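Novice: just coords:
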């Protein structure tokens with residue numbers, strides 16, 4: 001099973017890019033972020049024609065998340081991250097697909113910091129940590145995939161001091177991500193590629209794509225049941241270089257088949 005996450009940065013404008021990548025990469029499950037479209041504008045028909053069922057939570061101009069499933073219909077389980085009923089930003093959606101519980105999330109950027117946007121980022125992160133703990137406790141196969149808007153370590157950004165004051169790199173953001181991992185989640189990309197650059201985002205500004213001045217913002221976290229099946233992981237970096245591309249590239253994991261449960265052996269016959 002191949003599971004991917006892709007911040008598409010406007011699903012309507014970049015539908016052609018998305019469809020081309022789907023045809024090429026053939027992922028089984030895709031988590032999308034930054035749809036930047038209301039629910040009615042989501043291109044469900046085009047995606048269905050490409051072989052993907054979908055659930056989504058849109059929002060005009062900003063945010064928006066979706067889960068796609070190849071030759072299947074995701075079973076929606078949650079449209080919002082719990083913990084704050086008044087939060088109307090479309091940043092979290094959760095569905096069951098082929099025996100796996102999948103969450104697509106778009107964590108707040110938090111800039112400028114300090115300030116209310118950074119406070120919202122940290123509060124949202126706390127809600128995610130609380131909900132993730134509940135999911136982890138179920139022992140179910142769960143994946144938390146999306147744009148976390150966190151650069152976990154200095155190894156996840158090109159050599160630069162220009163981002164030092166950015167919310168993506170602040171100690172509070174990194175500490176929250178570490179607390180999430182410490183629950184027992186596996187950072188699939190770093191597990192398969194423990195050293196070296198592994199970028200998923202290249203800003204449009206300052207020629208950063210051409211200079212490979214990237215950041216790792218998009219993460220795929222696996223529960224123990226799925227971490228045991230992790231076969232491979234990577235980033236489809238070349239997608240960032242396509243005409244009209246998103247400023248993110250898709251990240252993905254490949255999972256081996258779930259082991260079959262053995263039937264308990266029949267008790268030995270008692271001697272007469």
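Specialist: Looks like it arrived, so ask away. Bear in mind the structure is a predicted one, so any value in this text is a computation, not a measurement.
Novice: tell me how many other residues surround the residue nearest to residue 236 when sequence neighbours are not counted.
Specialist: Spatial nearest neighbour of residue 236, excluding adjacent residues (C-beta to C-beta, 6 or more residues apart in numbering): residue 250 at 4.6 Å. Heads up, the C-betas are built off the backbone N, CA and C, glycines and all. Counted by other C-beta atoms under 10 Å, the residues lying close to residue 250 total 26.
Novice: check contacts around residue 250.
Specialist: 4-6, 21, 25, 27, 30, 235-236, 239 (C-beta atoms under 8 Å, 6 or more residues apart in numbering).
Novice: now swap in residue 94 and tell me
Specialist: Counting by C-beta under 8 Å, 6+ apart, residue 94 touches 67, 76-79, 101-104.
Novice: restricted to helices, list those.
Specialist: Of the contacts of residue 94, none are assigned to helices by DSSP state H.
Novice: any of those residues buried? List them.
Specialist: Neighbour counting over the contacts of residue 94 (16 or more other C-beta atoms under 10 Å) leaves 67, 101-104 as the buried ones.
Novice: which two among those are spaced furthest apart?
Specialist: 101 and 104 (11.5 Å; C-beta to C-beta).
Novice: how close does the residue nearest to residue 109 when sequence neighbours are not counted sit to residue 61?
Specialist: Nearest residue to residue 109 in three dimensions, chain neighbours excluded: residue 149, at 5.0 Å (C-beta to C-beta, 6+ apart). The spacing between residue 149 and residue 61, counted by C-beta to C-beta, to the nearest Å, is 18 Å.
Novice: do residue 14 as well
Specialist: Counting by C-beta to C-beta, the separation of residue 14 from residue 61 is 15 Å.
Novice: please spell out which residues along stretch 91-110 are buried.
Specialist: 91-98, 100-110.
Novice: kindly report the same for stretch 132-141.
Specialist: Buried residues in stretch 132-141, counting neighbours by 16+ other C-beta under 10 Å, are found at 132, 135-136, 141.
Novice: between those residues, which is nearest residue 201?
Specialist: Nearest to residue 201 among the buried residues of stretch 132-141, with distances taken as C-beta to C-beta, is residue 132, at 22.2 Å.
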